[in-house]
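> quick one: sequence plus predicted model below, questions after.
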There are 2 protein chains.
Amino acid sequence: MIDQFERLPGIGPRTAQRLALHLLRQPEEQIHAFADALLAARSQVGQCKRCFHLSAEPLCEICLNETRRNGQLCVVADSRDLLALERTREFKGSYHVLGGLISPMDGVGPDLLHVQSLVQRVDSEEISEVILALTPSVEGDTTSLYLARLLRPFSPVSRIAYGLPVGSELEYADEVTLARALEGRRRMD
Amino acid sequence: MIDQFERLPGIGPRTAQRLALHLLRQPEEQIHAFADALLAARSQVGQCKRCFHLSAEPLCEICLNETRRNGQLCVVADSRDLLALERTREFKGSYHVLGGLISPMDGVGPDLLHVQSLVQRVDSEEISEVILALTPSVEGDTTSLYLARLLRPFSPVSRIAYGLPVGSELEYADEVTLARALEGRRRMD
């Protein structure tokens, strides 16, 4: 049991031992419930067939929610990024999960990602704006530029802002971020 | 000497002791040169009378450089922010150093900052764009909105982008930054 806990990300030998000893002190049905939850999650959680977010049902809750079909489609690399955006409570549209980023170095081309289905959605659904919310890295930039070129015939495409994070000091910002913030400046009207 | 070093920001008792002992091992003329440099800097470095950047001359090097009068005027809170922007090598215009940010909590109003001289410059110099490069905080936002309203009759006003810093992970961005990045998204054309 300790070995299994240690294989989890961010859990070292001592935490693994603490978790295992804690479970051993619980009633036996608690351990059964834990094991069942693991097996159930593994067997039941698949992907939403429309947006590829994690979902136990064929369509995820966001895709089933009619009020979220407001014409905005936000493209993210994976479900963790989707959940981060959901926490902001700012975005009211629907999502499309790519399943990764284009990375020629790692041999990941657009064909390994949910790109074809994205084009089909933007072509067939009533989309007024595609918002690319990809990480500010070489892979994120490559993927954003690729998708923008691909999707522009069907819909306006925008990308989230890169610049100074809120609460940061200009003085301590790295040069690339500061250059991006300068380049991405916005007119105040 | 140890006491004096300890008063400097980021220098603790052990570092102060190390620096002082190092200086004691140097030839006497080295200590004289150090002391002279301190006194000379204090007596000679003042403010550029046009942009209020630190300068030993009446006008700083940037203000004296004719090629930097390209119509872009970047407004910063202090000289450290100016130096951070200079390190990016992206900005080729001139600057105006406010000397702080508006902060009603601390009793700092526009009259305590170099705001009047900024308006005069924007009115009298040939300025095609004022770029506000203030920190993303309550004070920075207040000051940006105040200056934008004040300067718009004379020149277009823009502000640097707030969003995800380069190299960061979307997943780990705080909610306010992510909301700002979403709100500040840009059309990809």
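Here it is on my side, so go on.
> tell me the pLDDT of A:Ala41.
We have a pLDDT of 87 for A:Ala41.
> gap between it and A:Arg50?
To A:Arg50, A:Ala41 is 21 Å away according to C-beta to C-beta, to the nearest Å. Quick note: C-beta positions are derived from backbone N, CA and C, even for glycine.
> same question, A:Ala56
For A:Ala56, the distance to A:Arg50 equals 15 Å [C-beta to C-beta].
> about what we covered before: A:Ala41 and A:Arg50 - which one has more neighbours?
A:Arg50 (19 against 11; other C-beta atoms under 10 Å in any protein chain shown).
> how is the more buried one assigned, secondary-structure-wise?
When states are read from DSSP: H, G, I helix; E, B strand; the rest coil, the local structure at A:Arg50 comes out as coil.
> which residues touch it?
A:Leu59, A:Cys60, A:Cys63, A:Arg121 (C-beta atoms under 8 Å, 6 or more residues apart in numbering or on different chains).
> and if you look at A:Glu57?
Contacts for A:Glu57 (C-beta under 8 Å, 6+ apart) come out as A:Cys48, A:Leu64.
> check it and give its pLDDT.
With respect to pLDDT, A:Glu57 scores 92.
> what does A:Leu170 give?
87.
> the most centrally placed residue in chain A: which element?
In chain A, the centroid-proximal residue (C-alpha atoms, centre = their mean) is A:Asp81; its distance is 2.7 Å. Per DSSP states H and E, A:Asp81 falls inside helix A:79-88.
> by contact count, what packs against that helix?
Contact partners of helix A:79-88 among helices and strands, from 3 or more C-beta pairs under 8 Å, 6 or more residues apart in numbering or on different chains; DSSP states H and E: strand A:72-76, strand A:94-97, helix B:175-183.
> stretch A:117-130 spans what distance, first to last residue?
One end of stretch A:117-130 to the other measures 14 Å (C-alpha to C-alpha, to the nearest Å).
> which residues touch that stretch?
A:50, A:52, A:69, A:71-75, A:96, A:98, A:147, A:150-151, A:154-158.
> what mean pLDDT does it get?
Per-residue scores along stretch A:117-130 average to 95.
> least trustworthy helix or strand in chain A by mean pLDDT?
strand A:186-187 (a mean of 86; mean pLDDT, DSSP states H and E).
> packing partners for that one?
strand B:157-159.
> hmm, back to that, same list, the helices and strands packed on helix A:79-88, but as JSON lines with distance to B:Met105, mean pLDDT and mean neighbour count please.
JSON lines is the format used below for the helices and strands packed on helix A:79-88 (distance: least, C-beta to C-beta, whole Å; pLDDT from 0 to 100; neighbours: other C-beta atoms under 10 Å in any protein chain shown):
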{"stretch": "strand A:72-76", "distance to B:Met105": "37", "mean pLDDT": "97", "mean neighbour count": "23"}
{"stretch": "strand A:94-97", "distance to B:Met105": "40", "mean pLDDT": "97", "mean neighbour count": "24"}
{"stretch": "helix B:175-183", "distance to B:Met105": "19", "mean pLDDT": "89", "mean neighbour count": "20"}
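> for A:Pro104, which of these is the nearest?
Closest to A:Pro104 of the helices and strands packed on helix A:79-88, according to C-beta to C-beta: strand A:72-76, at 19.4 Å.
> can you tell if that closest one touches chain B?
Yes. Contact of strand A:72-76 with chain B (C-beta under 8 Å from any C-beta of the partner chain) involves A:Val76.
> helix or strand right after the biggest helix by length in chain A?
Criterion DSSP state H: the longest helix present in chain A is helix A:28-44. Using DSSP H and E, the helix or strand that follows helix A:28-44 in sequence is strand A:46-47.
> give the rounded mean pLDDT of that following strand.
Averaged across strand A:46-47, pLDDT comes to 94.
> where does the closest residue to A:Glu61 other than its chain neighbours fall, phi/psi-wise?
Excluding its sequence neighbours, the residue lying closest to A:Glu61 (C-beta to C-beta, 6 or more residues apart in numbering or on different chains) is A:Ser55, at 7.4 Å. Phi and psi for A:Ser55, reported as degrees, to the nearest 10, are phi -160, psi 140.
> in the strand or helix carrying A:Val122, what's buried?
Element membership of A:Val122, judged by DSSP H and E, is helix A:116-124. Applying a neighbour-count criterion of 16 or more other C-beta atoms under 10 Å in any protein chain shown, one finds A:Leu118, A:Val119, A:Arg121, A:Val122 buried in helix A:116-124.
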